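> quick one, fold the following:
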Amino acid sequence: MTEFKDSQTKINLMRAFAKESQARNRYTFAAEEARKQKIQVIESVFNFTANQEREHGVIFYNHLKEFAGEFVAINDSYPVDIYSDVLRLLRAAQHNEYDEHDITYKDFADVANGEGFFPIANSFRMIAEIEKTHGDRFGLFADLLEQNKLYVSDIDVKWMCLNCGHVFTGKEPPAICPVCNHDRGFFIRLELAPFTK
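Numbers count the residues shown, from 1 in each chain. A predicted model of the protein is given here:
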């Protein structure tokens, strides 16, 4: 077994921490852009995911506790996803999440496993699966936006106002929530709402 202090796993943990930290910031920036454009449901999706990325960062960082007070040098590259187009922000996020799932964290898990750090390998594997869920979610909302179906359905569905919880049934949500007077940008299909009970 490789000594942790001399391991590639130590480096990969810091790289993963940096990836998660940057993803969190990119998603909060994207959420601000969605809010400016009055697409509050997309703002919520980005913020919801940003909070999960923060937790991933905590998990990776906590594996490095024995190096408290030290510096871990890394060399990596990170995306610059600065767009005013919310659809491009969603597609970029989808791509980055799939990259973490398909390549990065699976490779990091294999390295950790090979070096004998099985709990760390498990963290990489489990978080890789979560990143796929993130990519799928970003892709779903990008598809809805691209198809002009974010606020339109072919059949009657239930829509929830993310501000007050009002549920409305129809092919599209009202322009203004009849309960809290927030605009349509706060409505989400009930089956896509993060909390339905």
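
> tell me the pLDDT of Lys197.
Confidence at Lys197, expressed as pLDDT, is 46.

> SS state for the nearest residue to Lys171 once chain neighbours are set aside?
Leaving aside its sequence neighbours, Lys171 sits nearest to Ser153 (Cβ to Cβ, 6 or more residues apart in numbering; 5.2 Å). (C-beta placed from N, C-alpha, C; glycine too.) Following DSSP: H, G, I helix; E, B strand; the rest coil, Ser153 is assigned to coil.

> try Val80
Each residue gets one of three states, and Val80 gets coil by three-state DSSP.

> what's the end-to-end length of stretch 148-165?
End-to-end span of stretch 148-165 (Cα to Cα, to the nearest Å): 23 Å.

> any idea which helix or strand carries the residue most central in space within the chain?
Computing the C-alpha centroid of the chain and ranking residues by Cα atoms, centre = their mean puts Thr49 first, at 3.4 Å. Thr49 is part of helix 40-62 when elements are defined by DSSP states H and E.

> list the buried residues of that helix.
Within helix 40-62, the residues that qualify as buried are 40-47, 49-50, 52-54, 56-57, 59-60, counting by 16 or more other Cβ atoms under 10 Å.

> secondary structure class for Lys158?
Under three-state DSSP, Lys158 falls in the strand class.

> if you could redo that for Thr169, that was the one I meant.
Per three-state DSSP, the secondary structure class of Thr169 is strand.

> so how far is Val157 from it?
According to Cβ to Cβ, to the nearest Å, Thr169 stands 7 Å off from Val157.

> looking at these two, which is more packed in?
Between Thr169 and Val157, counted using other Cβ atoms under 10 Å, Val157 has the larger neighbour count: 17 against 10.

> good, wrapping up.
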